[in-house]
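Peer 1: Take this sequence and fold it.
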Amino acid sequence: MPEQAAPSAADERSEGGRLYLRVLFAIAAGALLGHFYPQQAVALKPLGDGFIALVKMLIGPIVFCTVVLGIAGSGDMRKVGRVGARALIYFEVVSSAALALGLLVMHLIKPGHGFHVDPATLDAKAVARYSQAASEQSATDFILHIIPRTFVDAFTGNGDLLQVLLLALLFGAALLKSATARATLQPVITALSQALFAMMNIIMKLAPLGAAGAMAFTVGNYGIAALKPLAALMGSFYLTCVLFVVGVLGAIAAATGFNILRFVVYIKDELLTVLGTSSSEAALVPLMNKLEQLGCERSVVGLVVPSGYSFNLDGTNIYLTMAALFVAQALDIPLTLREELTLLAVAMLTSKGASGVTGAGFITLAATLAVVPSIPVAGLALILGIDRFMSEARALTNFIGNGVATVVVARWEGALDRARMQAQLRGV
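Peer 2: Residues are numbered from 1 along each chain as shown. You can find the predicted model right below:
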């Protein structure tokens with residue numbers, strides 16, 4: 001991140017604590033408003049949508065500046081390539097663990113058994129738009145998808161961070177090859193980055209407003225009663241996410257030299273923002289700031305976090321496995337081991353297209369189910385009503401997973417100040 005006059009650590013903790021309390025109060029107020037005054041609460045949806053839109057407006061330029069400055073400062077493209085390769089290997093291994101854990105829990109708890117739903121009674125129209133979106137997504141050539149049509153399109157098009165990351169890598173590499181360009185442009189990009197971060201700090205003060213609006217809409221539109229019929233699936237999913245964070249990520253964190261619970265407390269402000277808005281993108285930039293303050297080098301943070309938002313979606317992987325098997329169980333459709341392994345393999349691929357915004361997970365699920373003809377895509381109607389309530393757990397798990405991944409890769413690269421990390425985590 002850019003060098004700038006930062007407030008003292010005590011001031012930062014004080015401001016973070018105030019934001020934490022404001023967001024927590026806003027989430028509670030939004031939930032109560034949605035429960036007691038659902039019609040008025042639904043009308044607050046633009047508050048949540050507007051906050052996420054403001055954040056997304058700056059994510060592309062900030063990621064671009066951060067990655068370019070990180071590469072220019074590293075002075076070595078081989079290091080950049082090594083960081084990227086290690087991150088991708090980590091993503092695939094941990095994503096596989098998330099998929100396997102979801103499969104195991106579904107076989108142990110079997111929340112879909114006993115529903116005995118007749119496929120003929122399903123409302124296929126309810127999921128038609130998701131199925132159409134899924135078919136369009138699966139037909140898209142991945143390579144072409146990450147290449148923007150123009151330089152500017154990466155920032156004004158579909159908002160895919162991979163496109164921004166690609167441009168930043170090329171731009172940073174070009175600066176390394178030209179000393180003149182680096183001397184001229186690096187100070188300009190540094191100044192621009194400082195201005196962008198200042199804008200983001202202003203926007204984050206609106207986080208309580210956005211969280212209240214999003215939570216009020218969710219509870220007001222769907223109602224607490226919508227949770228009861230499918231409580232078994234929701235409970236199983238939330239339990240699996242907790243087991244993954246505490247067990248899998250906890251073990252990885254311990255091997256890396258830090259405590260996962262202390263890390264979760266360290267990023268609690270950002271987690272509340274994610275919880276309130278159901279969007280992990282809403283706290284992407286604050287997470288990058290926190291990770292650099294934790295002791296991770298800027299170049300590693302700038303590469304791992306944005307790429308992790310497309311390649312390291314642990315919560316989404318768990319959701320894809322459990323939701324697909326739940327539909328099969330509810331419809332009394334037995335799956336062979338081959339079909340289950342096929343689901344896992346396809347989920348590993350389709351999850352790469354899911355973003356951090358609510359709804360993408362459901363579209364990805366539709367694309368995943370399409371590879372198992374015995375499970376009708378219309379079966380998604382069974383979980384359509386509670387998908388929004390599970391999106392929070394998806395986003396939170398994805399968010400924590402990307403934070404842990406960055407620390408791990410930084411440790412592998414020797415780009416982690418371990419003494420600073422311990423001091424930061426002890427201070428939470």
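Peer 1: can you list the weak-confidence ranges in the stretch 201-350 of the chain?
Peer 2: Low-confidence regions of the stretch 201-350 of the chain, defined here as pLDDT under 70, cover residues 222, 224-229, 350.
Peer 1: Thought P286 was touching D269, still the case?
Peer 2: Yes: applying CB atoms under 8 Å, one finds D269 in contact with P286, separated by 7.2 Å. All C-beta atoms are positioned from the backbone trio N, CA, C, and that covers glycine.
Peer 1: mean confidence score for stretch 151-163?
Peer 2: Mean per-residue pLDDT for stretch 151-163: 73.
Peer 1: Quick one: end-to-end distance for that stretch.
Peer 2: Here the two ends of stretch 151-163 are set 9 Å apart, with distance taken as CA to CA, to the nearest Å.
Peer 1: With stretch 150-161 instead?
Peer 2: First-to-last distance for stretch 150-161 - CA to CA - comes to 15 Å.
Peer 1: Kindly report the same for stretch 264-284.
Peer 2: Stretch 264-284 end-to-end distance (CA to CA) = 15 Å.
Peer 1: May I see the buried residues of that stretch?
Peer 2: For stretch 264-284, burial by neighbour count (16 or more other CB atoms under 10 Å) applies to 264, 266-284.
Peer 1: Quick check: which ranges of the stretch 51-200 of the chain have low pLDDT?
Peer 2: For the stretch 51-200 of the chain, the ranges with pLDDT under 70 are 74-76, 117-145, 157-160.
Peer 1: biggest helix in this protein by residues?
Peer 2: Using DSSP state H, we find that the single longest helix of the chain is helix 77-109.
Peer 1: From the chain's centroid, how far away is that helix?
Peer 2: Its chain's C-alpha centre and that of helix 77-109 lie 14 Å apart, by CA atoms, centre = their mean, to the nearest Å.
Peer 1: cool, stretch 403-419 as well?
Peer 2: With CA atoms, centre = their mean, you get 19 Å for stretch 403-419.
Peer 1: Same question for it: list its buried residues.
Peer 2: Under the neighbour-count criterion of 16+ other CB under 10 Å, stretch 403-419 has 403-413, 415-416 buried.
Peer 1: In TSV: those, plus pLDDT.
Peer 2: Listed next are the buried residues of stretch 403-419 as TSV, based on pLDDT from 0 to 100:
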residue	pLDDT
G403	95
V404	96
A405	95
T406	95
V407	96
V408	96
V409	95
A410	94
R411	94
W412	93
E413	90
A415	90
L416	92
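Peer 1: I'd like the residues you listed written out as TSV, with secondary structure and distance to R82 added.
Peer 2: Shown next, in TSV, are the buried residues of stretch 403-419 (DSSP: H, G, I helix; E, B strand; the rest coil; distance: CB to CB, whole Å):
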residue	secondary structure	distance to R82
G403	helix	21
V404	helix	19
A405	helix	15
T406	helix	15
V407	helix	17
V408	helix	14
V409	helix	10
A410	helix	12
R411	helix	14
W412	helix	9
E413	coil	7
A415	coil	11
L416	strand	15
